[in-house]
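S.K.: Provided below for reference: sequence and predicted model.
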Amino acid sequence: MNSPISYLKTIVVFLFISCSTITIAQNINFEFAKHSLKPGSKTEILLPVETETDSTVIPVTIFNGTKKGPVLGIVAGVHGTEFVPILAAQQLARDIDPKNLSGTIILVHIANVEGFLNRSFRVNPIDQKNLNRVFPGSKNGSMTERIAWTISNTIIPNCDYYIDVHAGDYNNDLRAYAGYYNYFDKPVVSKLAKDIAVAMGFPFVVQFGNEPSLKNKAVYTSREAFIQNIPAIDIECGRKGIVEEKFVIRIKQALWNVMGYLDMVDQTPPKNEEPVMIGQRTTISSPETGFFYSDFTSGDYVKKGMKLGYITDLFGNHVTDIKCPVDGMILYKTFNPPIKKGDGLFNIGHIN
Ligand SMILES: [Zn+2]
């Protein structure tokens, strides 16, 4: 039989464990770019990026949840005319409630504001550079290089997971997919990213890299995150540079699925069908300059040797046919006529 002292000990131990659990569950202030953000808060911040001659901002909303949890970075608008991710980010910012959030979300609304405001296809009009080709960027470089540097040093190191969201731009007919960085010498980071990509619920998941190790510079924003040992995932959703609400909704759903998967919100992620994993892709580049014609669309399955389209000269005279070099599925393709020698015509995912 237990003595009263033993009962007392049990109660003390129980109280200690209960208090510890409460302490662990409660979030603390989130320190970000000289701001100290309280638990349960939503804060809009314009991160300044200045060169000797120009200046811009990066609009970021931080949701610091009331309870502890991971830090999830979500970036839209690396390409300023990919509007679907930018609108998804804006709508998501209205819907996330930090009072019902575990962990922290760093949401970049538009990484390339100048590209967005000036409707500049792929590049920042100030320096004509493609933000997703200059990572990790440079502290003293051109505006685009400084934006990349700010993201590489202010946003990425704060994240436990990093998601970069894109869409098919106005030349680009695209089949929606998730992608993640997968290098064999970083199996843990790669596996964490794979699980997030799968949790998004897209039918196709592309593995970037799929090699023993990453030897090159980051170049891409999510590859910079991977280099910093942060699981890095991309979304590609939306096509032809147009705003289709169903793709805005699809991106938001993918991000809610991730928040549910990471236990950041009280939402059970749906049971997704196992996605098709695409470990290898082939890009078909144009051999000539002129007009490009093709009746195929993204998502079409194609076979090696098929005629996928043709090129004409500037008068419309047939110059060459485009043949398919592999079996697979068209992930994305150029869908309107202008084409320069070397431009990408098709990106084909190998389907086994
Ligand atoms: Zn893009």
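M.R.: Nice, I can see it.
S.K.: Could you show which parts of the stretch 51-200 of the chain are in contact with the ion?
M.R.: Residues of the stretch 51-200 of the chain that fall close to the ion, judged by C-beta under 5 Å from the ion: 79, 82, 166. (Glycine included, C-beta is placed from N, CA and C.)
S.K.: for the second one, what are its contacts?
M.R.: Counting by C-beta atoms under 8 Å, 6 or more residues apart in numbering, residue 82 touches 76, 166, 167, 168, 169, 238, 241.
S.K.: Residue 253 too?
M.R.: So residue 253 contacts residue 201 (C-beta under 8 Å, 6+ apart).
S.K.: And for residue 347?
M.R.: Taking C-beta under 8 Å, 6+ apart, we find residue 347 in contact with 281, 282, 283, 284, 330, 331, 332, 333.
S.K.: What of residue 222?
M.R.: 162, 163, 164, 181, 232, 233, 234.
S.K.: Can you name the residues bridging to the second one?
M.R.: Think residue 163. Bridge pairing for residue 163 (DSSP bridges) gives the partners residue 74, residue 233.
S.K.: separation between the residue of the stretch 151-300 of the chain found nearest the ion and residue 85?
M.R.: As assessed by C-beta to the ion, the ion sits closest to residue 166 within the stretch 151-300 of the chain, at 3.4 Å. Counting by C-beta to C-beta, to the nearest Å, the separation of residue 166 from residue 85 is 6 Å.
S.K.: overlap in contacts of those two?
M.R.: Shared contacts of residue 166 and residue 85, defined by C-beta under 8 Å, 6+ apart, are found at 235, 237.
S.K.: related to what we said a few turns ago, sort out for me which of the residues of the stretch 51-200 of the chain next to the ion are in strands.
M.R.: Judged by DSSP state E, these include residue 166 as members of strands.
S.K.: What ranges in the chain fall below the confidence cut-off?
M.R.: When residues are selected by pLDDT under 70, those of the chain lie in 1-24.
S.K.: Show me it divided up by domain.
M.R.: 30-277, 281-349 (automatic domain parsing).
S.K.: Can you tell me which of the ones you listed is packed in deepest?
M.R.: Most buried of the domains of the chain, by mean neighbour count (mean count of other C-beta atoms under 10 Å): domain 30-277, with a mean of 20.
S.K.: Pull up the distance across that domain, start to finish.
M.R.: End-to-end distance for domain 30-277: 36 Å, by C-alpha to C-alpha, to the nearest Å.
S.K.: Also stretch 195-204?
M.R.: Distance between the boundary residues of stretch 195-204 (C-alpha to C-alpha) amounts to 13 Å.
S.K.: got a list of contacts for that stretch?
M.R.: For stretch 195-204, using C-beta under 8 Å, 6+ apart, the contacting residues are 161, 163, 175-180, 205, 231, 233, 235, 237, 253-255, 257-258, 260-262, 269-270, 272-276, 278, 329, 331, 349.
S.K.: Tell me where the stretch 201-350 of the chain has strands.
M.R.: Assigned by DSSP state E, counting those that start in this stretch, the strands in the stretch 201-350 of the chain fall at 204-211, 232-236, 276-278, 281-285, 290-293, 301-302, 307-312, 318-323, 328-334, 338-339, 344-349.
S.K.: May I see these arranged in a markdown table, with distance to the ion as well?
M.R.: A markdown table is the format used below for these (distance: least, C-beta to the ion, whole Å):
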| stretch | distance to the ion |
| --- | --- |
| strand 204-211 | 14 |
| strand 232-236 | 8 |
| strand 276-278 | 18 |
| strand 281-285 | 15 |
| strand 290-293 | 20 |
| strand 301-302 | 23 |
| strand 307-312 | 23 |
| strand 318-323 | 24 |
| strand 328-334 | 11 |
| strand 338-339 | 19 |
| strand 344-349 | 13 |
